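Q: model the following, please.
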Amino acid sequence: MVGRYLRYLKLERNYSPNTILAYEHDLNYLLAFCRDNNLQPEKLSLADLQRFSQTLPSRGIKPSSHARILSGIRSFYAWLTLDGYIDADPAELLEMPQTGKHLPTVLSVEEIDAIEAAVDLSKPEGHRNRAIIETLFSCGLRVSELVNLRLSDIRADEKILRIIGKGRKERLVPISNSALHELELWYACRNKFMIKPGEEDYVFINRRGAHLTRTMILIMIKRQAAEAGIKKTISPHTLRHSFATEMLRRGADLRFIQAMLGHEDIGTTEIYTHIDSTMLREEILLHHPRNKRKEKP
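A: Okay, here's the model as predicted:
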């Protein structure tokens, strides 16, 4: 039954292998609960699921992970109902834990410029690293989308990228002149690399001629931020958050930002309105004349 559910996620929902593994990992919490209590997943009631939910905090599960696990459980029971294993969905009324709003870290344009300026262009990978940072920020890409970006996905004359996002869904993303310029500088260096067979179409490769991994890019960005004197804890996703926040701050429509980021649900994109409001409040407190403290005589 679980195997059929995972195949459903792969074949019908078109989820990536990593996403399917995450669903399977979270579902294992429920299966362990069933084994410990001599229960069968397809025979659980809402009360059983509520009791299962109450066991998670005692296992050190944080509220955000708790909510993710229950979301996966809801998806599993919706499938059981759809596929005829059960008549009614017991998870339909399962309450989600309160997670609170977590506002992600963002960088200002000046901080991103500082990170790019700190890149050592005397090294073979210098222009590559600048192009990575600028492309992430200019296009709001996920790091997984960046590592899989192909030369054939870039329509430089139209200033468009073809991106394959979550669930293998395709979207077209505008790319800035500055990002295209950094890419052209990288291509001149890239042409000097010995590229491995099968890797020729990947935009970003390492010194050994293979395409980069997400971990490689994470390490690079953290190192460049440290060299630029940035004290914030950042990751490649920080550049995606920064892109969305800056677009909203400059007046872009939320639906446009949703399309650019590849969010299925507008609710996911709406967190950037909270970031923008927080930044606006801080600016007012810092600069509004009525909020300035009087200087001591």
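
Q: burial count for Leu161?
A: Burial of Leu161, expressed as a neighbour count using other Cβ atoms under 10 Å, amounts to 24. No exception for glycine: its C-beta is placed from N, CA and C like everyone else's.

Q: do Thr238 as well
A: The burial count for Thr238: 23, using other Cβ under 10 Å.

Q: right, and it touches Pro104 too?
A: Yes: using Cβ atoms under 8 Å, Thr238 makes contact with Pro104 at a distance of 7.1 Å.

Q: okay, and the helix or strand of the chain with the least pLDDT?
A: Ranked by mean pLDDT, DSSP states H and E, the helix or strand of the chain with the weakest confidence is helix 271-287, at a mean of 56.

Q: now Asp153, nearest residue through space, not along the chain?
A: In space, and not counting its chain neighbours, Asp153 is closest to Arg162: 4.3 Å by Cβ to Cβ, 6 or more residues apart in numbering.

Q: could you look up the SS state of the one you found?
A: Recorded secondary structure, Arg162: strand (DSSP: H, G, I helix; E, B strand; the rest coil).

Q: tell me how many other residues surround it.
A: 14.

Q: mind listing what it touches?
A: Arg162 sits next to 153-155, 170, 172 when contact means Cβ atoms under 8 Å, 6 or more residues apart in numbering.

Q: how about Gly165?
A: Going by Cβ under 8 Å, 6+ apart, the list of residues near Gly165 reads 142, 145, 171, 262.

Q: so what pLDDT did Leu183 get?
A: pLDDT, Leu183: 96.

Q: tell me, how many residues neighbour it?
A: Neighbours of Leu183 (other Cβ under 10 Å): 24.

Q: state the distance from it to Ser176.
A: 10 Å (Cβ to Cβ, to the nearest Å).

Q: and Tyr202, by the same measure?
A: Taking Cβ to Cβ, one finds Tyr202 at 21 Å from Ser176.

Q: more neighbours: which of these two?
A: More crowded of Tyr202 and Ser176, by other Cβ under 10 Å: Tyr202, with 19 against 14.

Q: what bridges to the more buried one?
A: Arg150 (DSSP bridges).

Q: OK, contacts around it?
A: Taking Cβ under 8 Å, 6+ apart, one finds 147-151, 211-212 in contact with Tyr202.

Q: same check, this time on Leu70
A: 53, 91, 94, 96-97.

Q: can you give me the pLDDT of it?
A: 89.

Q: following element in sequence after the host helix or strand of it, please.
A: Following DSSP states H and E, one finds Leu70 within helix 63-82. The helix or strand immediately downstream of helix 63-82 is helix 109-117, counting by DSSP H and E.
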